[in-house]
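In: Sharing a sequence plus its predicted fold:
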Amino acid sequence: MKLTLIAQANLFLLLVLLTACALLPLPPGTQPLPDGLKVEKLVDGYPFVLRHALDWSSRAYLESANAGYRRVSNQWRIFRAHYTFVDAEQMRYIGLTIDLESNVLEISSPGQVGGKTSIVTTTHFDLENNPINEQEAISRALAFLSLDARGCLPQQVGVSGHGEIRQVWSVNFLNPYSSPFLPTRLFLATVYVDAINGQVDLGVNALDELCNR
């Protein structure tokens with residue numbers, strides 16, 4: 001009976017703690033994701049963030065989108081999706097991030113297009129209608145670099161879509177040998193994949209330096 005009372009007391013304290021944590025306010029510009037929102041690729045989260053962008057400005061359109069993927073059971077799984085929307089008339093932009101690990105939407109403060117530290121443009125990235133999505137871009141970049149044959153298997157990749165010159169994905173595989181304590185290159189390569197025709201081009205290549213271990 002004594003153990004049962006202790007167990008009940010511990011359970012009560014745990015419930016109180018969990019309730020208190022649930023009631024803690026989220027950081028400014030952060031809100032929980034709605035129940036039922038399933039994001040497996042960037043386009044899945046686009047209608048949700050577009051509604052928030054249009055609340056900010058009725059003229060908002062997508063300037064760029066990027067995602068973080070991790071290798072899980074030999075499959076690439078998205079853990080972060082970020083979207084930048086622009087109001088070209090006001091020359092302002094806003095960023096919205098779906099953080100799937102924290103289950104929150106992060107809304108950045110609006111910024112000025114063309115500011116000193118801004119890399120945001122007024123071009124448009126057609127996420128919904130481009131034939132090649134970011135997952136296909138990752139697959140094409142992997143095949144192009146022949147990383148499996150090199151025995152160099154990155155566990156994380158960042159891929160961003162933009163339309164400055166053409167509709168294109170920029171794919172960056174995290175160097176599996178990188179270390180915060182060593183001056184090694186952070187990414188293995190930068191690969192550009194055309195979001196319309198799938199053509200692959202190599203931008204920056206550090207494979208010979210980083211993969212031959």
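Out: Noted; the coordinates are in hand. Residues are numbered from 1 along each chain as shown.

In: in which helix or strand would I find Tyr83?
Out: Assigned by DSSP states H and E, Tyr83 belongs to strand 75-87.

In: Partner strands of the next helix or strand after that strand and their direction?
Out: Moving toward the C-terminus from strand 75-87, the next helix or strand (DSSP H and E) is strand 92-99. Its sheet considered, strand 92-99 pairs with strand 75-87 (antiparallel), strand 104-107 (antiparallel), strand 111-112 (antiparallel) by DSSP bridges.

In: got the buried residues for the longest one?
Out: Taking 16 or more other CB atoms under 10 Å as the basis for neighbour counts, the residues of strand 75-87 that come out buried are 76, 78-87. All C-beta spots, glycine's among them, are computed from the backbone N, C-alpha and C.

In: again with the second one
Out: When burial is assessed from 16+ other CB under 10 Å, strand 104-107 yields the following buried residues: 104-107.

In: Next, format those as JSON lines and append distance to Pro176 and pLDDT.
Out: JSON lines is the format used below for the buried residues of strand 104-107 (distance: CB to CB, whole Å; pLDDT from 0 to 100):
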{"residue": "Val104", "distance to Pro176": "29", "pLDDT": "97"}
{"residue": "Leu105", "distance to Pro176": "31", "pLDDT": "98"}
{"residue": "Glu106", "distance to Pro176": "28", "pLDDT": "97"}
{"residue": "Ile107", "distance to Pro176": "33", "pLDDT": "96"}
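
In: so what's the residue positioned nearest the centre of the chain bridging to?
Out: By CA atoms, centre = their mean, the chain has its centre lying nearest to Ala67, at 2.4 Å. With DSSP bridges as the criterion, Ala67 is bridged to Ala81, Val159.

In: Low-confidence ranges, this structure, go.
Out: For the chain, the stretches flagged by pLDDT under 70 are 1-28, 180-184, 208-210, 212-213.

In: which residues in it form strands?
Out: Ranges of strands within the chain are 30-32, 61-72, 75-87, 92-99, 104-107, 111-112, 156-162, 168-174, 187-194, 200-205, based on DSSP state E.
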